[in-house]
Structures are given as C-alpha cells and as structure tokens.
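# I'll drop the sequence and a predicted model, then ask my questions.
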Amino acid sequence: MPPRRLADAGVPLSDRIGEPAFQALCALAALIAVGTLAWIAETVLARSGTAFSAFGLGFLVDTTWDPVKNHFGAAAFLYGTFVSSLIALLIATPAAILIAIYLTELAPRPIRRPVAMLVELLAAIPSVILGLWGIIVLGPFLSGQLEPFLRSLLSWIPLLSGPASSGYSMLNAVLILTIMILPIITALTREIFATTGGELKEGAYALGATRWEMIRMTVLPVARPGIVGAAVLGLGRAFGEAIAVTQVIGNATQIQASLFQPAGTLAAQIASSYQSANPGLGQSSLIYLAAILLVLSLLVNVGARLLVRRFQRVR
C-alpha cells in the first residue's frame, strides 16, 4: 500500500475532510476581510471623484467650507482632527502607562482585577452618552472654572489663550477623546507589562535595583514596541470618532490656535452634514473628507508597524 494510504488508514474520515474544510473556511474569512476593505476603499475613492476633479489637492489647504457657493476645503477639519487627536494622545498615553504600572507592579493583588475592570468599562460607554455628559457636565465646568484658571496661569501659551468658550470647544473634544482612548491604551499596555519575564525582574532586584529602577530597566524597555502599538490604536480611534466629538466641539469651520474656541474634525463634519448635504458636489466633498480620513488611518497603522519592527530590531 502506498505511504499516503498507510498514513490515512488510521485517520477518521471526518478528520480527513474536516481539516481541509477548516483551512478553506479560515482562508475564506481572511479573503472576505481583505475584500471588504478593498470594497470600502474603492467606494470612497470613486464617489469622491467629483470633488477631486473640482478642487484637486488644493482641497487639503483650503479653509473655506461654503455649501451655498459650492466651495469646499478640508484644511480646517484636518487641523481640528490632528490637534484634538494628538493632544488627547499626549494626555492619555502617559496616564495609561502609569495606570498599567500601578495595576501590574504596585497595586495589592486583591484590587488589581476590579480596578482594571472598572478602567476597561470606560470603553463600554456609548460615545453618544460621553458626548451628552460632555455637554451637560464637562462643558459648564470648562467654561466656568477650568478655562479661566488655565488662562490666568498660562495665557502666554497660544493654545490656552483667548476668550472663554460656551462649553463647545476644542478642549472639550480633547478631554472626551482622552476618556475614550484611555481604556484601550491602558488594557493593551497592562497586558504587555504582565508578560514581562519574571526572571528579568528578579535579576534587576538581585543587582540591587529599587522597584522604580526595575521598572525602568526591564519593564519599560521590553514593552516599548507594544506601547507604541497601543498608542497608535488609540490614535486611530481618536481620528475616527464622530458622534461624541460632534456633540461637544462646536462644529466651526475655522482654524484657531486657542483650545477654548469651537472647531471641527473630519469625522464630525461627515457625521453632522452628510444627510443634509446637496447631492453632487456637496456630498462628494464630504466623501472626499472620508477618503482623506481613510488614507490617514492607513498611514498611521503602517507607520506604527514600521516603528514596532524598528524597536524589535534594536532590541
């Protein structure tokens, strides 16, 4: 009997059929995911063609958004997207690292899991509820207390100068985005810290390191690529958030240095204006904004992978 038949003789028929079927099913799922991404990209790029033909790449630097005159530009929304997302990331990432260090290295064991669950529950709050909380609670607090306090101390910084807002401002959007991306970055960073080899920590202690020195010499260097990946995932979430940001940012088509002023983002403008936009150039311009957001998200993810690989090569 040939070797193949000898090998198959003791294998049940269900296994001989089931394994190739399972492989085919996995391959099909992967192809569906890739095909869906390609379909979305093709749809967005094709339907933005009218606006691209009308405005070209000048759309990226034009600050005018006038539906009455059919004159559209994305510069103000690009500015709002980058400023709100990056500042939220700058606040959330250090906070997430500190929370993760506390939960993995400093907190008493009985409270580690409950605290971690409570932090991660922030991600389960619907964005519309966070936006509503930003209107009812955070907005009045910012305009009545925090903004005057920051202005009195740091008015020499352009970001923290200017007149008080009515609560609908870039600062409100930044804080809402910080709350939204904090649990994502914290959860991933905590898992990365928890996988750091115990022998590395024990070796650091054996050399006379303090707890902080152990964390600085073993935990943080090993986890650096993972922290970068977690931060980029948070940045992608911040780029694409629409509902909560639309509720609190003020949806103004302007570029203002002050965080106390209303602004707009790519996602917020699409969410708030598409249904009422004029068919033709108006809707195509909004889809052009979506194409820009899609390209930005892909570039951020590709850049994150390159950074992670670079850190791994250095290690």
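That came in fine, so what should we check first?
# Low-confidence stretches in this structure?
1-16, 196-198, 308, 310-315 (pLDDT under 70).
# how about the strands of it, start to end?
65-66, 71-72 (DSSP state E).
# nearest to residue 154, of these?
strand 65-66 (30.7 Å; C-beta to C-beta). For every residue, glycine as well, the C-beta is placed using N, CA and C.
# so how many other residues sit close to residue 304?
Per other C-beta atoms under 10 Å, the neighbour tally for residue 304 reads 19.
# Excluding chain neighbours, give the residue nearest to it in space.
The shortest distance from residue 304 to any non-neighbouring residue, by C-beta to C-beta, 6 or more residues apart in numbering, is to residue 232 (3.6 Å).
# ok, now which ones touch the one you found?
Neighbouring residues of residue 232 by C-beta atoms under 8 Å, 6 or more residues apart in numbering: 300, 301, 303, 304, 307.
# again, only this time at 7 Å
300, 301, 304 (C-beta atoms under 7 Å, 6 or more residues apart in numbering).
# can you put the residues you listed in TSV and add distance to residue 252?
Below are the contacts of residue 232 laid out as TSV (distance: C-beta to C-beta, whole Å):
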residue	distance to residue 252
300	25
301	29
304	31
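# quick revisit: pick the most buried one from the strands of the chain.
Mean neighbours per residue, mean count of other C-beta atoms under 10 Å, is largest over these for strand 71-72, with a mean of 18.
# Figure out how far it is from the centre of its chain.
28 Å (C-alpha atoms, centre = their mean, to the nearest Å).
# Tell me which of the contacts of residue 232 fall in helices.
Of the contacts of residue 232, the ones assigned to helices by DSSP state H are 300, 301, 304.
# Now flag whichever of the residues you listed is closest to residue 228.
Of all the ones in helices among the contacts of residue 232, residue 304 has the smallest distance to residue 228: 6.3 Å, by C-beta to C-beta.
# Against residue 227, how distant is that closest one?
11 Å (C-beta to C-beta, to the nearest Å).
# do residue 158 as well
30 Å.
# So for the two, which sits in the more crowded spot?
The neighbour comparison of residue 158 against residue 227 (other C-beta under 10 Å) goes to residue 227, with 21 against 11.
# Report the contact partners of the residue found closest to residue 138 once you drop the neighbours it is linked to in the chain.
Nearest residue to residue 138 in three dimensions, chain neighbours excluded: residue 172, at 5.9 Å (C-beta to C-beta, 6+ apart). Counting by C-beta under 7 Å, 6+ apart, residue 172 touches 134, 138, 139, 142, 248, 249.
# Neighbour count and distance to residue 124 for those residues - can I get that in CSV?
CSV is the format used below for those (neighbours: other C-beta atoms under 10 Å; distance: C-beta to C-beta, whole Å):
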residue, neighbour count, distance to residue 124
134, 24, 17
138, 20, 19
139, 21, 23
142, 25, 25
248, 29, 20
249, 29, 23
